[in-house]
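K.L.:
sequence first, then the predicted structure:
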Amino acid sequence: MRCIFSLIILTISMSACTFFRPDDTAPELENMPLQFSLYSEKADNSGLWWKDFNSLELDLLIDEAIAENFSIRESWARLEQARYAARKEASSFWPEASVPAGAADSEIKEEGESRVNVDEWSLGFSASYEVDLWGRIKADTESSLSLAEASREDLKTAVMSVTGQIAENWIALLSTKKQQALFASQMELQKRLLDLIQFRFPLARSTALDIYQQQQSIEKIEAALIPLQSREKALARQLALFMGKASLDKNRLSQNDFPVVDKIPQIGLPADLLAVRPDVRAAGLKLQSARWQIAAAKADRLPALKLTASQTYSSADIGSIFDYWLLNLAANLTAPVFDGKKRRLEVARTEALADERFAAYGRVVFTAIKEVEDALADEEQYAAIIESLDRQLELSEKTMREARRRYLNGSSDFINVLREELNVLQLQQELIVAHENRLVARIKLYKSLGGSWVAAYVE
């Protein structure tokens, strides 16, 4: 017994030293750019970016979506699973104990005598504890904790994604409303113009061809309204789905004008994304988890020490059950000798897993940089397009007014008027779409920059 206690003290002392653990240094990527191509000011991503749109309607939609969105709720559930898995793995640091109990009724027949029933009872206590000699249990626990933290970052990513999707769909809905309003106003204008043409017809100031062409123009506008009306309903349903609902009250989608946004926000340096993009942090944590799995697999190839203790009470008479007992205390050292290379192959497998997650980490990082660059380029592009369309529209409206004047004076055909009116209508629609695309580019920029604001929603 004294030898066993000495072995226990020795092994517990040895377990204080962890022989296998991964490198704690952050993964380094080659060809990491030092700054973005357009802007490199110090970033300020702590605020709720959608507040820049100054829309109470959008604020309410996003707040409800964060609370009710199905994808976010799924991410919450996955985070809880990961947390419980980590706690389950950490429980290996504690000994396992059980209390076995049993009862039996035996019938004994002695020669020349009647049968006798004998009651047998037993009660015991057993405990076992694996000494973490090489850090395998710690490595498994740290791996699970890293995955739990990665799940938390995945939840942040889901929140960021949903807020962006809500805003993008909301902007698309506003664009659809504005285009419908544009076509509706054009419809009224074209109908008044048709009345004018028909009024001039008996006076030989217009022709039947003019009337037919104008009627055809009105039909085209009516046809253009149909897909816009369908798109508005589809976008409203999509917004409802993001908010965990089947439908939304129309009163909640009453805004019709685009929000006015300020200049492009400060975005910082590419290296800042490593700290504020939750998908980048999740990829790094998953890589760290794989590194801990390598440590656990290596430790599993070495001998394992398990301490066991048991105590059993038994008696044929319940009144004297504690009169007879047996105490066992043992320390078992098990070393793998032959396992068909199973443990060695597990080390190789976990190393390959770490390689995979390192590649995934690099992909996520450079994808994040690309998304920022794309959003910056898109906003700059659409800003230039809007300026060009404004100039084109100004010239087209002047041309249209001149075409109308010449037609009313009888010096030009109506086809010239019709052509210029349709050109103005097309430019006005293109201008609405360009404003939509510019706002969507701004939303994508906010999403791609990440931010510390999301932490308040996942605590």
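P.N.:
Received it, and whenever you're ready, just let me know what you need.
K.L.:
and residue 307, its phi and psi?
P.N.:
Per-residue torsions, residue 307: phi -100, psi 140 (degrees, to the nearest 10).
K.L.:
brain fart, residue 125
P.N.:
Torsion angles, degrees, to the nearest 10, at residue 125: phi -140, psi 130.
K.L.:
residues touching it, list them.
P.N.:
With contact set as Cβ atoms under 8 Å, 6 or more residues apart in numbering, residue 125 has these partners: 97-99, 310-312. Using the backbone N, CA and C atoms, a C-beta is placed for each residue, glycine as well.
K.L.:
repeat that for 6 Å
P.N.:
99, 311 (Cβ atoms under 6 Å, 6 or more residues apart in numbering).
K.L.:
please, which helix or strand holds the nearest residue to residue 95 once chain neighbours are set aside?
P.N.:
Excluding the flanking residues, the one nearest residue 95 by Cβ to Cβ, 6 or more residues apart in numbering is residue 129, at 3.7 Å. Using DSSP states H and E, residue 129 falls within strand 115-131.
K.L.:
on the C-terminal side of the least confident helix or strand in the chain by mean pLDDT, identify the next helix or strand.
P.N.:
Of all helical and strand segments in the chain, the minimum by mean pLDDT, DSSP states H and E falls on helix 2-15, at a mean of 50. Per DSSP H and E, the first helix or strand lying C-terminal to helix 2-15 is helix 56-68.
K.L.:
export that following helix to PDB, keeping only CA atoms.
P.N.:
Extracted as PDB, the C-alpha positions of helix 56-68 are listed here (Å, rounded to 0.1, in the frame of the first residue of the first chain):
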ATOM      1  CA  LEU A  56     -35.900  54.300 -37.800                       C
ATOM      2  CA  GLU A  57     -37.600  51.800 -40.100                       C
ATOM      3  CA  LEU A  58     -34.300  50.000 -40.800                       C
ATOM      4  CA  ASP A  59     -33.200  50.200 -37.100                       C
ATOM      5  CA  LEU A  60     -36.400  48.400 -36.100                       C
ATOM      6  CA  LEU A  61     -36.100  45.800 -38.800                       C
ATOM      7  CA  ILE A  62     -32.500  44.900 -37.800                       C
ATOM      8  CA  ASP A  63     -33.200  44.800 -34.100                       C
ATOM      9  CA  GLU A  64     -36.000  42.400 -34.500                       C
ATOM     10  CA  ALA A  65     -34.100  40.300 -37.000                       C
ATOM     11  CA  ILE A  66     -31.100  39.900 -34.600                       C
ATOM     12  CA  ALA A  67     -33.600  38.600 -32.000                       C
ATOM     13  CA  GLU A  68     -35.700  36.300 -34.200                       C
END
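K.L.:
by contact count, what packs against it?
P.N.:
helix 136-200 (3 or more Cβ pairs under 6 Å, 6 or more residues apart in numbering; DSSP states H and E).
K.L.:
report the inter-axis angle for the helix it packs on versus helix 56-68.
P.N.:
150 degrees (axes from the mean of the first three to the mean of the last three Cα atoms, to 10 degrees).
K.L.:
the residue nearest to residue 349 when sequence neighbours are not counted is in what secondary structure piece?
P.N.:
Excluding its sequence neighbours, the residue lying closest to residue 349 (Cβ to Cβ, 6+ apart) is residue 297, at 7.6 Å. Assigned by DSSP H and E, residue 297 belongs to helix 278-299.
K.L.:
what sits up against that helix?
P.N.:
Contacts for helix 278-299 (Cβ under 6 Å, 6+ apart): 20-22, 134-136, 139-140, 142-143, 146-147, 149-150, 153-154, 156-157, 273-274, 346-347, 350-351, 353-354, 357-358, 360-361, 364-365, 368.
K.L.:
any idea how far stretch 58-65 is from the chain center?
P.N.:
Remark: stretch 58-65 is offset 17 Å from the chain centroid, using Cα atoms, centre = their mean, to the nearest Å.
K.L.:
can you list the buried residues in that stretch?
P.N.:
Buried residues in stretch 58-65, counting neighbours by 16 or more other Cβ atoms under 10 Å, are found at 58, 61-65.
K.L.:
and that stretch, average pLDDT?
P.N.:
If you average the pLDDT over stretch 58-65, you get 94.
K.L.:
go on, stretch 103-116?
P.N.:
On average, stretch 103-116 scores 61.
K.L.:
same question, stretch 129-137
P.N.:
Mean predicted lDDT for stretch 129-137 stands at 83.
K.L.:
using PDB, list the CA coordinates for it.
P.N.:
Extracted in PDB, the C-alpha atoms of stretch 129-137 (Å, rounded to 0.1, in the frame of the first residue of the first chain):
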ATOM      1  CA  TYR A 129      -8.800   8.900 -12.100                       C
ATOM      2  CA  GLU A 130      -6.600   9.100 -15.100                       C
ATOM      3  CA  VAL A 131      -3.400  11.100 -14.400                       C
ATOM      4  CA  ASP A 132      -2.700  13.500 -17.300                       C
ATOM      5  CA  LEU A 133       1.000  12.600 -17.500                       C
ATOM      6  CA  TRP A 134       1.600  14.000 -21.000                       C
ATOM      7  CA  GLY A 135      -1.100  16.600 -21.300                       C
ATOM      8  CA  ARG A 136      -3.500  14.600 -23.500                       C
ATOM      9  CA  ILE A 137      -6.600  15.500 -21.400                       C
END
